[in-house]
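> sequence? don't have it. structure:
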C-alpha cells in the first residue's frame, strides 16, 4: 500500500496497522514516554529510550518508518531557544 499512517494515539494497535500492509510514522502523544518536545514531564533520557518498534513483531518492524517529535507553538517562548 502506498499510504503512510500517522499514529499518534497510544491506543492504536500499530501491529495491526503494519500487518494490514501500511507503513507507519509513530508518535506516542502526551504519555510518560512522549516524544512531544513541549512535554516537560518527560526527561530527555526517556525520550531517547523510545523504540518505535516496541511491541511490533520483528518481521513487521521495517513497516515502522520511525517516530517524530513535535511541539505546540503556544507553549514555546524565547527561553526555549
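Okay, I see it. Predicted model, so just to flag it, every value in this text is computed and none were measured.

> neighbours around residue 48, how many?
8 (other Cβ atoms under 10 Å). C-betas here are computed from N, CA, C, even on glycine.

> Kindly list the main-chain dihedrals of it?
Residue 48 adopts backbone torsions of phi -70, psi -20, taken as degrees, to the nearest 10.

> got the contact list for it?
Residue 48 makes no contacts at all, as judged by Cβ atoms under 8 Å, 6 or more residues apart in numbering.

> repeat for residue 30
With contact taken as Cβ under 8 Å, 6+ apart, residue 30 is in contact with 36, 39.

> need the contact list for residue 21.
Residue 21 makes contact with 1, 63 under the criterion Cβ under 8 Å, 6+ apart.

> and if you look at the one 5 residues further on?
Residues near residue 26 by Cβ under 8 Å, 6+ apart: 7, 8, 14, 52, 64, 66, 67, 68.

> what about 7 Å?
For residue 26, the contact set (Cβ atoms under 7 Å, 6 or more residues apart in numbering) comprises 7, 14, 52, 64, 67.

> so how far is residue 60 from the spatially most central residue of the chain?
Geometric centre of the chain, nearest residue: residue 27, 1.9 Å, by Cα atoms, centre = their mean. Residue 27 sits 18 Å away from residue 60, going by Cβ to Cβ, to the nearest Å.

> in the protein, which spans are strands?
Assigned by DSSP state E, the chain shows strands spanning 4-7, 23-26, 64-67.

> shaky segments in the chain?
Along the chain, segments meeting pLDDT under 70 span 80-81.

> Endpoint to endpoint, stretch 21-36 covers what distance?
End-to-end distance for stretch 21-36: 27 Å, by Cα to Cα, to the nearest Å.

> Same check on stretch 61-69?
Stretch 61-69 end-to-end distance (Cα to Cα) = 19 Å.

> Tell me the buried residues in that stretch?
Residues of stretch 61-69 classed as buried: 63, 64, 67 (neighbour count, 16 or more other Cβ atoms under 10 Å).

> Same question for stretch 73-81.
Neighbour counts over stretch 73-81 (16+ other Cβ under 10 Å) mark no residue as buried.
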